[in-house]
Every structure is written in structure tokens, then in C-alpha cells.
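**Student:** could you look at this predicted model? Sequence included:
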Amino acid sequence: MNQELLVTGGAGFIGSNFIRYLLKNTNCRITNIDALTYAGNPSNMSGFASKGNYRFFQVDITDKVALTQVFDRTYDIIVHFAAESHVDRSIENADTFLITNINGTHNLLEKLLEGKAKKMVHVSTDEVYGSLNQHDSAFTEEHPVSPNNPYSASKASADLLVRSFYQTFNLPLVITRCSNNYGPYQHPEKFIPKVVYNAINNKQIPLYGDGLNIRDWLFVEDHCSAIYTVMNHGKAGEVYNIGGSNEMTNKDVIHSILNYLGKSNDLISYVTDRKGHDRRYAINSNKIKTQLGWKPNTSFEKGLKQTIDWNVNNKTWVEAALRRSDLS
Ligand SMILES: NC(=O)c1ccc[n+]([C@@H]2O[C@H](COP(=O)([O-])OP(=O)(O)OC[C@H]3O[C@@H](n4cnc5c(N)ncnc54)[C@H](O)[C@@H]3O)[C@@H](O)[C@H]2O)c1
Ligand SMILES: Cc1cn([C@H]2C[C@H](O)[C@@H](COP(=O)(O)OP(=O)(O)O[C@H]3O[C@H](CO)[C@@H](O)[C@H](O)[C@H]3O)O2)c(=O)[nH]c1=O
């Protein structure tokens, strides 16, 4: 079946990987909308920009008027990635996080209410659950929403809005909550590509706090296959956790990268901790595995090597992303 899809945020890291995944594995017709903020990189789309079953609109989801041009057809599914995504930036200034992540999501929900789309997958994050201690069980979908930073609070707010539109209007809405992604095309403000870039340039690598915060890493292609599974088989009103069952301290992640690159651990520089830094994320993905049959395919070892190699071989892309973000 040639599904008619609207992908938001498809010039960003996960969204562009998701479009690549769709074009490789399906016959979907894809409309991609992205505001091209500092995080949305036109070159992420260059590999598929000219495909016949693909089109792009530079549209800000917070702009209701601009959004109308995109709804010249009824979509089978909206897959909603567009967001402000970087925690450190939200601590500096949360304005755009609230506007894009909450109001932007609301504008899309209104389109479903108008009958302009039949279903929406809202791509959320494990950060909405807050932080775990060392011996706590991994987050299940029943864990209370308890965000600790402005980014995760804005995502949790959007999740609650999505839930309310399901409860109030019975719209076919599904929420996914994924752990930390890594892979090609990730913006170098994020931990893994930043470590690779600094290491290959012999620059100090800032490690926040004691370096023992834990994240559960998932290769981006596995996140894409999970979203595709939820898009087709997820039940309306449900939340699905997605994780890699691959918990690692930040310090161990850096050691793995430095070891692969043959660089010294002396490059690590312990710096002041992130404010409100969540200690540990761990995701229980049993629901999507048992109910929908998804499983991740890429080991951390394999995915990390692929990610490091991609960043080493695409230094120009990385430097352009840093310049676009005033980080160079
Ligand atoms: N990266 C992760 O580890 C991770 C994990 C779980 C969930 N998520 C969620 O997945 C989604 C994508 O994350 P990412 O890491 O690819 O982020 P990203 O920052 O790389 O990409 C976000 C994209 O959204 C676009 N965008 C921002 N504001 C917009 C607006 N107002 N209108 C239209 N487009 C806009 C940007 O231009 C960019 O292309 C986000 O919703 C994020 O919360 C990310
Ligand atoms: C940028 C940077 C980060 N860190 C630490 C902070 C975190 O514990 C860990 C990962 O940091 P980040 O790459 O910013 O990712 P994190 O805050 O976990 O958030 C990511 O993962 C979330 C899912 O868990 C997503 O919802 C977010 O969009 C995504 O950005 O590394 C450092 O020690 N030094 C750094 O320079």
C-alpha cells in the first residue's frame, strides 16, 4: 500500500534517517516539513531530495498559516519529529522549546481534528520520565511523567496534550518514548559526535560532573524501524517505549571512542555538571517487543564504529553544522 505520509522535522538527525529508511524499505509517498533551524540541515536531505515520491516544504509548525499549504491532501499518517531537542540549550533559554514542542504539536493535532490526517505518531523521549537511581527498575510506560529540565518538560507537556486529544476527541494518536539515539547525521552539539570531533582534532572533551551519568544508547536505524512498526501496528491511545537495553556511563562511552580512535584518555576534561542533570535513564521495551514484534538489530559496538567512521569521513558536514550553530 502506498501510504501518504507527513514527516515533520525530516531535515534533522532522526527525521532524515527515518525518511532514508522509508525510501529504502517502502513505497510510501512522503511530504517532509522542516523549519530548517540551526539543527535542520539541508544537506541531510540531499540524498533523497529528487526522489519522485518525496517533496519538501520549509515550514515552521508553529505557523498555522504556513501549515495550511502542506495540507493540500489528506495524510494517512503524520510522524512528528520536529522539536527543539538539545537539553543544554533549553537550560540557557526555554522559549523556543515551549513554542515549538508544545504549540507546534498542538497545531498538528488541530489538523487531525479537521480530518486532514488519519493518524499521528508523536515521537517523544524517555526524558519525560525523569531520572532513575542505580538500582531502580527501567522505565515502563506506566512510570509517572516527571521531567527535570525545560526540554523534557516541554516534551512531557506535548505528550499530555496528545493524550488529551485522544481522550477528548478519540483521535488515533500514538506516543513513542525512546532512549538516547546515536548514528550518522547527529548534530555535533550532542555527546557522541562531539566527543568524536574533539578527539580527532585533539581538543579537550568536556565531561559533565563525575562522568558517571548513565544513558541507554540505541542506534538510530533501530529507532526508525521501531517507529515504522508503531506507525503501522501501534494501538491508538497507547505509549510505546523504545530502548537499546544498552546502559553505559558517559565516561565509558568516551573511553570506547578514544580507544577506537587510538587517542589518549588525557583528552578528557571534567567540567561543571549540567544543571538538573538526570543521573540515569533505562528503558523497558518489553511492550513494543512482545505486542508489536520489534527488536533492535545493531549492537553498540557495531553502531558506534559505524558512527565514528561516519563522523571521521564527514568532517566537512560536521564543521558546517557547527558553523550553522555558531559553535565553531
Ligand atoms: N536524539 C535523541 O536521542 C532522541 C531520543 C528520543 C526522542 N527524540 C525526539 O526525536 C525528535 C527528533 O530528534 P533529533 O535528535 O532528530 O532532533 P534534531 O534537533 O536533530 O532535529 C529536529 C528537527 O526539527 C526541526 N524543527 C525545529 N523546530 C521546528 C519548527 N518549529 N517547525 C518545523 N521544524 C522544526 C529542525 O529544523 C530539525 O530539522 C525530537 O522530537 C526529539 O525530542 C530524540
Ligand atoms: C553535550 C555533552 C553531554 N554530556 C553528557 C550529558 C548527558 O548525560 C550525556 C548525553 O548528552 P546529550 O547528548 O546532550 O543527550 P541527553 O541530554 O541525554 O538528551 C538526548 O537524549 C534524549 C533521550 O534520552 C533526547 O530526548 C534528547 O533530544 C537528546 O538530546 O552526555 C557531557 O558530559 N558533555 C557534553 O559536552
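**Tutor:** Received, thanks. Ligands and ions are numbered 1, 2, ... in the order given.
**Student:** quick check: residues of this protein near ligand 2?
**Tutor:** 85-87, 125-127, 179-180, 190-191, 194, 206-208, 213, 215, 250, 274, 281 (Cβ under 6 Å from any ligand atom). (C-beta placed from N, C-alpha, C; glycine too.)
**Student:** can we see that at 5 Å?
**Tutor:** Proximity of the chain to ligand 2, by Cβ under 5 Å from any ligand atom, involves residues 85, 87, 125-127, 180, 190-191, 206-208, 213, 250.
**Student:** specify the local secondary structure of the residue of the stretch 201-328 of the chain found nearest ligand 1.
**Tutor:** For the stretch 201-328 of the chain, the residue closest to ligand 1 is residue 223, as judged by Cβ to the nearest ligand atom, at 7.1 Å. Following DSSP: H, G, I helix; E, B strand; the rest coil, the label given to residue 223 is helix.
**Student:** and it, what does it touch?
**Tutor:** 14, 17, 178, 181, 242 (Cβ atoms under 8 Å, 6 or more residues apart in numbering).
**Student:** just give me the neighbour total for the second one.
**Tutor:** Residue 17: 23 surrounding residues under other Cβ atoms under 10 Å.
**Student:** want to try CSV for the contacts of residue 223, with secondary structure, distance to residue 46 and pLDDT as columns?
**Tutor:** Output for these, formatted as CSV (DSSP: H, G, I helix; E, B strand; the rest coil; distance: Cβ to Cβ, whole Å; pLDDT from 0 to 100):
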residue, secondary structure, distance to residue 46, pLDDT
14, helix, 17, 98
17, helix, 14, 98
178, strand, 26, 98
181, strand, 21, 98
242, strand, 28, 98
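**Student:** near ligand 1 too, which of these?
**Tutor:** Restricting these to those near ligand 1 - Cβ under 5 Å from any ligand atom - leaves 14, 178, 181.
**Student:** could you find the closest non-adjacent residue to the last one?
**Tutor:** Excluding its sequence neighbours, the residue lying closest to residue 181 (Cβ to Cβ, 6 or more residues apart in numbering) is residue 220, at 4.8 Å.
**Student:** what about the closest residue to residue 310 other than its chain neighbours, which SS state?
**Tutor:** Leaving aside its sequence neighbours, residue 310 sits nearest to residue 184 (Cβ to Cβ, 6+ apart; 4.2 Å). Secondary structure, three-state DSSP: residue 184 is coil.
**Student:** and for the one 3 residues further on?
**Tutor:** Each residue gets one of three states, and residue 187 gets coil by three-state DSSP.
**Student:** shift numbering so it begins at 29
**Tutor:** Yep, numbering from 29; the last one is residue 215 now.
**Student:** for it, phi and psi?
**Tutor:** In terms of degrees, to the nearest 10, the main-chain angles of residue 215 are phi -60, psi 140.
**Student:** so where do the strands sit in the stretch 129-278 of the chain?
**Tutor:** 148-153, 201-206, 209-210, 233-236, 242-244, 246-247, 267-270, 275-277 (DSSP state E, counting those that start in this stretch).
**Student:** those into CSV, with extra columns for mean neighbour count?
**Tutor:** Listed next are the strands of the stretch 129-278 of the chain as CSV, based on neighbours: other Cβ atoms under 10 Å:
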stretch, mean neighbour count
strand 148-153, 26
strand 201-206, 25
strand 209-210, 24
strand 233-236, 18
strand 242-244, 22
strand 246-247, 26
strand 267-270, 26
strand 275-277, 18
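**Student:** quick one: residue 34 and residue 106 touch, right?
**Tutor:** Yes: shown here, residue 34 and residue 106 form a contact pair, counting by Cβ atoms under 8 Å, at 4.5 Å.
**Student:** identify the contacts common to the two.
**Tutor:** In contact with both residue 34 and residue 106: residue 145, using Cβ under 8 Å, 6+ apart.
**Student:** switch the ones next to ligand 1 among the contacts of residue 251 over to CSV; also include distance to residue 169.
**Tutor:** Formatted as CSV, these follow (distance: Cβ to Cβ, whole Å):
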residue, distance to residue 169
42, 20
206, 12
209, 19
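**Student:** name the nearest of the residues you listed relative to residue 228.
**Tutor:** residue 209 (21.2 Å; Cβ to Cβ).
**Student:** residue 244 is in contact with the closest one, correct?
**Tutor:** No: between residue 209 and residue 244 there is no contact, the gap being 10.4 Å when judged by Cβ under 8 Å.
**Student:** neighbours of residue 260, how many?
**Tutor:** For residue 260, using other Cβ under 10 Å, the count is 14.
**Student:** revised request: answer the last question for residue 288.
**Tutor:** Neighbours of residue 288 using other Cβ under 10 Å come to 16.
**Student:** OK, contacts around it?
**Tutor:** 332, 333, 336 are the contacts of residue 288 under Cβ under 8 Å, 6+ apart.
**Student:** among the residues you listed, which lie within helices?
**Tutor:** Taking DSSP state H as the definition of helices, the contacts of residue 288 contribute 332, 333, 336.
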